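Participant: Could you work out the structure for the sequence below:
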Amino acid sequence: MNIFISGISKGIGRALVAESLGRGHFVIGSSSHPEIVPDEIRDSPRLQLLKIEWPFDRSNLEAQLTRIQDLDIDLLVNNAGLLNTDLLLNAVVEDALMMYNVNALFPLELSRAIYKANRFSRDASILNISSMGGFQGATKFEGLAAYSMSKAALVALTECMAVEWANDLKVNCLCLGAVQTEMLNEAFPGYVAPVSAQEMAKFILDFGESAGGIINGSIIPLKISDPK
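Facilitator: Model (predicted):
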């Protein structure tokens, strides 16, 4: 498979690249900070590394995509994300907007840029990585309201993509619970999650390899327990 993964510099994205390469897939990986991608990943002959930042110049995004013009993408994993913490009464609107941009609008822009460039294969699928914070009815936490709002937007976007693009793509969303990553440490300092980034990467890739041709528009919660 040719797999496009956004946000590969750390956490689940980095683990997804390592797992994908280990399974023999070709990976197109994007990062706003490609210089911190580990050498053992960056130097792989089966990795095409793209520098894509948000907010980005659309012409620059299109130029980056020309670097993969000979590849048909079988699976796009919209993994890139941003987290800022603050209580609702203190939240800075500009920070909330940036999270919304990165966590919801960037997946839209990247997905439709690839779509318009005809870079998806015939049976391709998109897998959006959201959070339990954006899943309706799930436990919410102080300081994470703006983040949860942005991830809820990604859930709604998934359902809209699944309807509008149903003739060409399958689009689903995984709402992740606590996974041991740098982002989790920012939100819950000192908390040790029951799931590692490597374990979650294996699950995401298993799902992406097999489920894309079977289901469409599904929002799937993945949680063992809530952080304490």
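
Participant: Now do the same contact list for residue 87.
Facilitator: 142, 143, 145 (C-beta atoms under 8 Å, 6 or more residues apart in numbering). The way it works is simple: take the backbone N, C-alpha and C, and place the C-beta from them, glycine included.

Participant: oh sorry, the question was meant for residue 178
Facilitator: Neighbouring residues of residue 178 by C-beta under 8 Å, 6+ apart: 184, 188, 191, 193, 194, 195, 223, 224, 225, 226, 227.

Participant: Need the worst-confidence member of those.
Facilitator: For those, the least confident position by pLDDT is residue 225, scoring 82.

Participant: Who does the closest residue to residue 192 other than its chain neighbours form a beta bridge with?
Facilitator: Spatial nearest neighbour of residue 192, excluding adjacent residues (C-beta to C-beta, 6 or more residues apart in numbering): residue 180 at 6.8 Å. Beta bridges link residue 180 to residue 196 when assigned by DSSP bridges.

Participant: ok, residue 180 to residue 199 distance?
Facilitator: According to C-beta to C-beta, to the nearest Å, residue 180 and residue 199 sit 9 Å apart.

Participant: So those two - more neighbours on which side?
Facilitator: Shown here are residue 180 and residue 199; by other C-beta atoms under 10 Å, residue 180 has more neighbours (19 against 15).

Participant: Enumerate every residue touching the more buried one.
Facilitator: 192, 193, 195, 196, 197 are the contacts of residue 180 under C-beta under 8 Å, 6+ apart.

Participant: Need those residues in JSON lines (columns: distance to residue 58).
Facilitator: Formatted as JSON lines, the contacts of residue 180 follow (distance: C-beta to C-beta, whole Å):
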{"residue": "192", "distance to residue 58": "41"}
{"residue": "193", "distance to residue 58": "36"}
{"residue": "195", "distance to residue 58": "36"}
{"residue": "196", "distance to residue 58": "36"}
{"residue": "197", "distance to residue 58": "31"}
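
Participant: Buried residues of the helix or strand containing residue 200, list them for me.
Facilitator: Element membership for residue 200 (DSSP states H and E) is helix 197-210. Buried residues in helix 197-210, counting neighbours by 16 or more other C-beta atoms under 10 Å, are found at 197, 200, 201, 202, 204, 205, 207, 208, 209.
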